[in-house]
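>>> sequence unknown, structure follows:
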């Protein structure tokens, strides 16, 4: 293989005095290009082989015809997709509203946990208990307990709309996680930044507001987006308390026609919505790392 | 350059520290420091690393709570119980070894933040004043840059301007050239010289002995948590009385720093 990359008599050795050739860099770049093409084609070939073999195994499995008909039926796919996309609007509304509430509530919790000194001990304690409880209990249980429990009390004036309790439950659960993300961000800002702010006469709140939090939030955007990817997927859990969203819609179709293709259709919808977000998050992480390396130089 | 030490006797001192004690856990850093600084006086603190120079400055800025003693700034006891620390800090500027600029803000914003938020100035007024200061220290063309685009010397000059923007009565410098590449030290020291000419009262913790000898009205040698010896630079550097001072200066000369 090395011969093709330009050995003494390889294709790259065009002869002639080397110092008259246009500089070294173009040559080096051509060599890099070749290496990229080579590794890409190897990756391509090995992927085709691996996934081709896997595909063959699946297609030749004894139960494949039934599975194909039950999960991958084009007729039911075409029938259910528009309905599911329609119902997915409920999921989108759920996570958009919840995300805004989470960003606010989690920030309050994180700031409460970061307050120094004995005076603030009760606030710190409260915030810690909150974060512990809502990270300990499975989200589904919180949704069910709130969604059935509170309307079940039958107190006059207390709303019974399951959508409302779904949002409250998701907000409570995810704020506990997101507050930890914020807190990690706050703690990652060197104390000298607060010292500098306070030394100029800014009070504790101003130092937090103008100096600490802007830096902390910027640092935690990637993990924050990760949590939001989780939240988007977890919106299907609220179907348990009677919110007719995309998963409930899929189950209804599945139950009525005894065909699970709607689930596959829903999975596709999630892929389309979530993968760009995941890619975006990864891109942010890579960019930040590069920036960090650049500034550390 | 050696203004009379007796200047401290006239008028009200700009800074008066008496019996200052400070420990970190078991470690006694300051063990009864007394120091008086007259208005317009430049005092350099010298001493080996860990002798308490930085801690002393941080105590004066109320960044560290003190264990015992009194600190009086222009007649007001700032270590008294009920003082508003934010108001006190507005009158006392401090510049740190590691610059501590706010990395998410432009140079201009770094300088105008405190005048706007802590001193309540309008945005336009703060920006006019900041621009004037930046111009005075040769940083006008950097006003919209972010700190990571500046050299260490430029960053430290911005940090000085940021402290000056609050128009402090007293400026503290905490080894502000220690984190700089040697060729960048001069531009920062020149800023301090300029401030000294303008009559700014300054307390400077430094390892730059040549600079201390050049600029200080008085040099204080810190050792064992107290000011062991103080006097005019010519006395301290040429005829140190204490054995510890002599040792310290000998080591400095060995290292080629004086």
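That came in fine, so what should we check first? What you are looking at is a predicted structure, and each value in this text was computed from that prediction instead of being measured. Numbers count the residues shown, from 1 in each chain, chains lettered A, B, ... in the order given.
>>> quick one: average pLDDT of the host helix or strand of residue A:221?
For residue A:221, the element it lies in under DSSP states H and E is helix A:213-234. Mean pLDDT, computed over helix A:213-234, is 91.
>>> Check stretch A:44-59 too.
For stretch A:44-59, the mean confidence score works out to 93.
>>> roughly how far out does it sit from the chain middle?
28 Å (C-alpha atoms, centre = their mean, to the nearest Å).
>>> who's in contact with that stretch?
With C-beta atoms under 8 Å, 6 or more residues apart in numbering or on different chains as the contact definition, stretch A:44-59 has outside contacts at residue A:64. Every C-beta, even on glycine, is put in place using the N, C-alpha and C of the backbone.
>>> residues in chain A within reach of chain B, list them.
A:192-193, A:195-203, A:206, A:210-211, A:214-215, A:218, A:295 (C-beta under 8 Å from any C-beta of the partner chain).
>>> show me where pLDDT drops low in the chain?
Just going to use chain A. Chain A contains residues with pLDDT under 70 at A:1-29, A:291-297.
>>> could you do chain B instead?
Using pLDDT under 70, the flagged stretches of chain B are B:1-10, B:257-258.
>>> where does it come near chain A, residue by residue?
B:58, B:61, B:63, B:86-87, B:89-90, B:93-94, B:96, B:98, B:100-104, B:113-114, B:117-119, B:148, B:162-163, B:166.
>>> do that again at 7 Å, thanks
Residues of chain B lying near chain A by C-beta under 7 Å from any C-beta of the partner chain: B:61, B:63, B:86, B:89-90, B:94, B:96, B:98, B:100, B:102-104, B:113-114, B:117-118, B:148, B:162, B:166.
>>> Now, those that are in strands?
Among these, the members falling in strands (DSSP state E) are residue B:94.
>>> Just the buried ones out of the residues of chain B next to chain A, please.
Buried residues within these, counting neighbours by 16 or more other C-beta atoms under 10 Å in any protein chain shown: B:61, B:63, B:86, B:89-90, B:94, B:96, B:98, B:100, B:102-104, B:113-114, B:117-118, B:162, B:166.
>>> coming back round to it: what are the buried residues along the next helix or strand after the helix holding residue A:221?
Reading on from helix A:213-234 to the C-terminus, the next helix or strand found by DSSP H and E is helix A:246-257. If you call a residue buried by 16+ other C-beta under 10 Å, then helix A:246-257 has these buried ones: A:246, A:247, A:248, A:249, A:250, A:251, A:252, A:253, A:254.
>>> quick one, strands of chain B?
Using DSSP E, strands in chain B cover B:15-24, B:27-37, B:42-46, B:68-73, B:76-77, B:92-95, B:170-174, B:201-205, B:218-223, B:226-231.
>>> Out of these, which is closest to residue B:253?
Of all the strands of chain B, strand B:42-46 sits nearest to residue B:253, with 13.0 Å by C-beta to C-beta.
>>> Please identify the helix or strand for the residue nearest to residue A:120 when sequence neighbours are not counted.
In space, residue A:120 comes closest to residue A:112 once its chain neighbours are excluded; the distance is 7.7 Å by C-beta to C-beta, 6 or more residues apart in numbering or on different chains. Assessed by DSSP H and E, residue A:112 sits inside helix A:74-114.
>>> could you say what helices and strands that helix packs with?
Secondary-structure packing of helix A:74-114 (3 or more C-beta pairs under 7 Å, 6 or more residues apart in numbering or on different chains; DSSP states H and E): helix A:121-136, helix A:162-188, helix A:213-234, helix A:246-257, helix A:261-296.
>>> distance of whichever residue of the stretch 151-258 of chain B sits closest to chain A from residue B:197?
Of the residues in the stretch 151-258 of chain B, the one nearest chain A is residue B:166, at a distance of 6.0 Å by C-beta to the nearest C-beta. Distance of residue B:166 to residue B:197, computed by C-beta to C-beta, to the nearest Å: 20 Å.
>>> same deal with residue A:175?
From residue A:175 to residue B:197 the distance is 56 Å (C-beta to C-beta).
>>> and if you look at residue A:203?
Distance, residue A:203 to residue B:197, by C-beta to C-beta: 34 Å.
>>> More neighbours: which of the two?
residue A:203 (16 against 9; other C-beta atoms under 10 Å in any protein chain shown).
>>> wait, doesn't that one sit right on residue B:86?
Yes - judged on C-beta atoms under 7 Å, residue A:203 makes contact with residue B:86 at a distance of 4.9 Å.
>>> With distance to residue A:53 added, can I get the strands of chain B in CSV?
Shown next, in CSV, are the strands of chain B (distance: least, C-beta to C-beta, whole Å):
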stretch, distance to residue A:53
strand B:15-24, 65
strand B:27-37, 67
strand B:42-46, 74
strand B:68-73, 78
strand B:76-77, 82
strand B:92-95, 67
strand B:170-174, 66
strand B:201-205, 70
strand B:218-223, 75
strand B:226-231, 80
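>>> Select, out of those strands, the one closest to residue A:102.
strand B:92-95 (38.5 Å).
>>> so what strands line up beside the closest one?
Within its sheet, and counting by DSSP bridges, strand B:92-95 is paired with strand B:170-174 (parallel).
>>> Just want the angle from the strand it pairs with to strand B:42-46.
Angle, strand B:170-174 to strand B:42-46, by axes from the mean of the first three to the mean of the last three C-alpha atoms, to 10 degrees: 20 degrees.
>>> For the residue lying farthest from the centre of chain B, give its distance to chain A.
Here chain B reaches farthest from its C-alpha mean at residue B:124, the gap being 28.7 Å by C-alpha atoms, centre = their mean. Distance of residue B:124 to chain A, given as C-beta to the nearest C-beta, to the nearest Å: 18 Å.
>>> same question, residue B:134
Remark: distance between residue B:134 and chain A (C-beta to the nearest C-beta) = 16 Å.
>>> ok, residue B:216 touching residue B:45?
No - Residue B:216 lies out of contact with residue B:45 (C-beta under 7 Å); the separation is 9.4 Å.
>>> ok, which stretches of the stretch 1-150 of chain B are helices?
For the stretch 1-150 of chain B, the helices defined by DSSP state H, counting those that start in this stretch cover B:53-60, B:85-91, B:107-117, B:123-136.
>>> and the buried residues of helix A:246-257 as CSV, adding distance to residue A:145?
Output for these, formatted as CSV (distance: C-beta to C-beta, whole Å):
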residue, distance to residue A:145
A:246, 23
A:247, 20
A:248, 19
A:249, 24
A:250, 25
A:251, 22
A:252, 24
A:253, 28
A:254, 27
